[in-house]
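Peer 1: My questions concern the predicted model and sequence given below.
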Amino acid sequence: MDRDKIYERVVELVRPLSKNRTAVENISEDTSILEDLQVNSARLVDLILAFEDEFNIEVDDDAADSVKTIGDAVDMLAKQLG
Amino acid sequence: MVDPRQAAAPTRALDPSSLLALVPQSSPFRFVDEILDVDENHIVGRYTFRDDEFFYAGHFPAKPITPGVILVETMAQIGLVALGLYLAAESPDIDEQNLLVWFTEADVEFTGIVGPGDQVTVRAEKIYFRKLKLKVSAEMTLADGTVVCAGELAGVGSKP
């Protein structure tokens, strides 16, 4: 799967968890999931589980901990998907 | 296929009385009397609302009814705190003796009323336990089996 497709799907998965609509409208790979999008930290686990379901992969805890920005999530998923 | 996250052997399983002793809430904000059954996938606990619970004086004067938030708290103390501590004890890298469980999410519907003297039973089934976050499906019933409330709750464990 190409990086643009992964990016689009990551944005769709994170969108409903964000409390900052302005940040969602201006989202980019540099957007921070916690600080910019104001996703509750407790929801990060749900986001990782959503990634696993969406892409049919398993994300270990170290990989999950590496995800701070949208770009981090795309990088992690691109690596997992080969 | 074996899920590698669930393949590790448990370090130890707490018995219900040891688990009950670990629940940190105390009177007047403790809403669990006993743990009837617990394993890595579910828990069953019970509480009887006393006639002199602090909230009955105002909710409502001359017509005491247990507030919905207290019912949710009761489900959380059994379904999230107690089950979360049990799961933590099973995990070799988590110290359940030094863990607080923070309530983070609830989606609950109410279908009944609980009053002074009513005994409620809470059954909670684990949906997932991952990175110290526990999500459960929980249901509260009266002694006659009437469902009082049900829904999904989640909480996160952390060091105090």
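Peer 2: Nice, I can see it. Numbering: from 1, shown residues only, chains lettered A, B, ... in the order given.

Peer 1: which residue packs closest to B:Ile78, ignoring adjacent ones?
Peer 2: Counting by Cβ to Cβ, 6 or more residues apart in numbering or on different chains, B:Ile78 lies nearest to B:Gly45, which is 3.6 Å off, once chain neighbours are set aside. Where C-beta positions appear, they are placed from N, C-alpha and C, glycine not excepted.

Peer 1: what are the phi and psi angles of that neighbour?
Peer 2: phi -140, psi 170 (degrees, to the nearest 10).

Peer 1: What residues are bridge-paired with it?
Peer 2: Beta bridges link B:Gly45 to B:Ile35, B:Val122, judged by DSSP bridges.

Peer 1: which residues sit in contact with A:Leu49?
Peer 2: B:Tyr128, B:Arg130 (Cβ atoms under 8 Å, 6 or more residues apart in numbering or on different chains).

Peer 1: Same question for B:Leu85.
Peer 2: B:Leu14, B:Leu19, B:Leu22, B:Val23, B:Glu96, B:Leu99, B:Val101.

Peer 1: can you map out the helices along chain B?
Peer 2: For chain B, the helices defined by DSSP state H cover B:4-7, B:16-22, B:68-76, B:83-90.

Peer 1: Just say which of the ones you listed is most tucked in.
Peer 2: Most buried of these, by mean neighbour count (mean count of other Cβ atoms under 10 Å in any protein chain shown): helix B:83-90, with a mean of 24.

Peer 1: Dump it to CSV, keeping only the CA atoms.
Peer 2: What follows is helix B:83-90 as a C-alpha-only set of coordinates in CSV (Å, rounded to 0.1, in the frame of the first residue of the first chain):
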residue,chain,number,x,y,z
LEU,B,83,-10.7,-6.5,37.2
GLY,B,84,-7.9,-4.1,36.3
LEU,B,85,-6.0,-4.9,39.5
TYR,B,86,-6.6,-8.6,38.8
LEU,B,87,-5.2,-8.3,35.3
ALA,B,88,-2.3,-6.2,36.5
ALA,B,89,-1.4,-9.0,39.0
GLU,B,90,-1.3,-11.5,36.2
